[in-house]
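Student: need the 3D shape of this:
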Amino acid sequence: MALESLSSSGSDHLVVLVGPTPSGDRIVALDILRGFALFGILFVNITGFSGIWFGSQEWTGFGDQAVQGFMQFFARSKFFSMFAMLFGIGFAMQIARLEDKTGHYLWTYGRRLLVLYLFGMAHLVLGSDIINWYAICGAFLLLFRRVSLQALFLWALLLMPLPFLQLTIVSTLATAETPSQVLEEAEQVEPQINQLTEDQDEDTSSDFGWNRYMGERAARVYSDGDLSEVLTYNIQYEVHRRTSSWVNYLWDLLGPLPLMLVGVFIGRRKILERIHEEIPLLRKVFWIGLGFGFAGTWYSQVLAGLATMIDWVWFASNVLFTLAAWSLALGYGAGIVLLIQREFWKKCFAPLQTVGRMALTNYLLQTLICTTLFNAYGLGLYGKVGPAAAALLATAIYLLQVALSVLWIRHFRFGPAEWLWRSATYGRLQPMRIS
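Tutor: Numbering: from 1, shown residues only. Next up, the predicted model:
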């Protein structure tokens, strides 16, 4: 859902001058990468929608175990990383294009981010808030638009470990607490847990902590609650996250922002705009990305097994896992860009371009489909589908999105959400149908 057009004036002249990118000017590789990333995001997110990621059930079947291992090693955090980088690439390309045409664009850029934020708030009610954090990170990117390429990469590397560092320091200091202090903190949340478990046979009151409480409540609401209960829970959960501690803001901001800075670095290097000149570099990124990514992911899991609490081993494990995810995201992206330089593979990946052109629409549609499938007010499959079946469902949903996107783009310039986004940004209805 990278931003695709910015300006700073509401005049008709500037809307035409720096309006939405014409389809003929779009970079095919960028749209294909967006489409590919959306499949990976759905493949991972469906474990949350279905209750697999948050549930306590053990899936012991060979297929389920294989899918969980594959997801952890090849997918989790990798496609999130890729999509955040693509957002940064889009930002850099748009800023460069607009500065060539007009030096004033901040007002329209701000409106565009505001509309994206409002999309995110609506999406939050359905259970996910990543879109509005993309909008917030987009505003922070303005602070880095004049920073040198070397400094961009350095800032990304410096910001990435800060959430893990904060949690490790807090945990280390917390080990100095006396047993009476721990008991006092536990007693503060025990009434909330007991309220949840009053109507349940299993007593979970000994498991202290708000996350445990909200996780158990989520399982009950998503598997048994009606639409109003689900929406109420989602709102209460987000209100709690955003008012309980500033630390949550640190995690939400510094998850995508460093990745976006890496994307800005790539965009300012114009790698996707002159692919044929960058083939040697892309080959190096592919091989180094996959090599370090797979090795780092494996060793981070080894370190995770050695950590007995949130300590410095845990810190090293998570930083290494994150760097490996960045590396694999870059390797995946470079590999696809190299493949589509060949005509056969370009035709194979062509349908993904239409998915990428409608990235915001398709992301919202994934949430709508999955909540309808898994929540009790829909088909009620929450907690009833294992990892292997969920992976098959994700594949089926994505193939449906590919087919719908191909059909839609034959007749319309934008996806429905993209059209609304642009129209609200420029204060006028954008042409929708292809004449």
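
Student: touching, L126 and T371? I think so.
Tutor: Yes: counting by CB atoms under 8 Å, L126 does reach T371; the two are 5.6 Å apart. Placement of C-beta: from N, CA and C, glycine included.

Student: neighbour-wise, which of the two wins?
Tutor: Set L126 next to T371 and count neighbours by other CB atoms under 10 Å: T371 wins out with 20 against 17.

Student: could you report the separation of the more buried one from L141?
Tutor: According to CB to CB, to the nearest Å, T371 and L141 sit 30 Å apart.

Student: cool, and V402?
Tutor: In terms of CB to CB, V402 sits 30 Å off from L141.

Student: more neighbours: which of those two?
Tutor: Neighbour count, other CB under 10 Å: between V402 and L141, L141 has more, with 21 against 18.

Student: where does that one fall, phi/psi-wise?
Tutor: Torsion angles at L141 (phi, psi; degrees, to the nearest 10) stand at phi -60, psi -30.

Student: how about it, nearest residue that isn't a chain neighbour?
Tutor: Closest residue in space to L141, ignoring its immediate chain neighbours: F91 at 5.3 Å, by CB to CB, 6 or more residues apart in numbering.

Student: what's the answer for S171, then?
Tutor: Leaving out its chain neighbours, the residue that sits closest to S171 by CB to CB, 6+ apart is I310, at 3.7 Å.

Student: elements contacting whichever strand or helix holds R283?
Tutor: Assigned by DSSP states H and E, R283 belongs to helix 279-306. Under the contact definition 3 or more CB pairs under 8 Å, 6 or more residues apart in numbering; DSSP states H and E, helix 279-306 sits against helix 312-339.

Student: list the buried residues in the helix it packs on.
Tutor: Neighbour-count burial for helix 312-339 flags 313-338 (criterion: 16 or more other CB atoms under 10 Å).

Student: that helix: how far from the chain's middle?
Tutor: The chain centroid and the centroid of helix 312-339 are separated by 15 Å, computed with CA atoms, centre = their mean, to the nearest Å.

Student: what angle separates that helix from helix 279-306?
Tutor: 150 degrees (axes from the mean of the first three to the mean of the last three CA atoms, to 10 degrees).

Student: run through who's touching the next helix or strand after helix 312-339.
Tutor: Using DSSP H and E, the helix or strand that follows helix 312-339 in sequence is helix 343-357. Here helix 343-357 makes contact (CB atoms under 8 Å, 6 or more residues apart in numbering) with 23, 26, 28, 30-36, 38-39, 336, 339-340, 362, 401-402, 405-406, 408-409, 414-415, 418.

Student: swap in 6 Å and give it another go.
Tutor: By CB atoms under 6 Å, 6 or more residues apart in numbering, the list of residues contacting helix 343-357 from outside reads 28, 31-32, 34-36, 38, 339-340, 362, 402, 405-406, 409.

Student: need the residues you listed in TSV with secondary structure, can you?
Tutor: Formatted as TSV, the contacts of helix 343-357 follow (DSSP: H, G, I helix; E, B strand; the rest coil):
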residue	secondary structure
V28	helix
D31	helix
I32	helix
R34	helix
G35	helix
F36	helix
L38	helix
L339	helix
I340	coil
N362	helix
V402	helix
S405	helix
V406	helix
I409	helix
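
Student: return stretch 37-50 as CSV; C-alpha atoms alone will do.
Tutor: The C-alpha trace of stretch 37-50 is given here as CSV (Å, rounded to 0.1, in the frame of the first residue of the first chain):
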residue,chain,number,x,y,z
ALA,A,37,4.3,-9.9,-0.4
LEU,A,38,0.5,-9.9,0.1
PHE,A,39,0.4,-13.7,-0.3
GLY,A,40,3.1,-14.1,2.3
ILE,A,41,1.3,-11.8,4.7
LEU,A,42,-1.9,-13.7,4.3
PHE,A,43,-0.1,-17.0,4.7
VAL,A,44,1.2,-15.8,8.1
ASN,A,45,-1.8,-13.7,9.2
ILE,A,46,-4.3,-16.5,8.8
THR,A,47,-2.7,-18.2,11.8
GLY,A,48,-3.9,-15.2,13.8
PHE,A,49,-7.4,-15.1,12.3
SER,A,50,-7.9,-18.8,12.8
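
Student: tell me the buried residues in that stretch?
Tutor: Residues 37-47, 49-50 are the ones in stretch 37-50 that count as buried (16+ other CB under 10 Å).

Student: those residues: which two are farthest apart?
Tutor: Maximum pairwise distance in the buried residues of stretch 37-50, criterion CB to CB, is 20.5 Å, between A37 and S50.

Student: element containing the residue most central in space within the chain?
Tutor: Central residue of the chain (CA atoms, centre = their mean): F80, 4.3 Å from the mean position. Following DSSP H and E, one finds F80 within helix 78-101.
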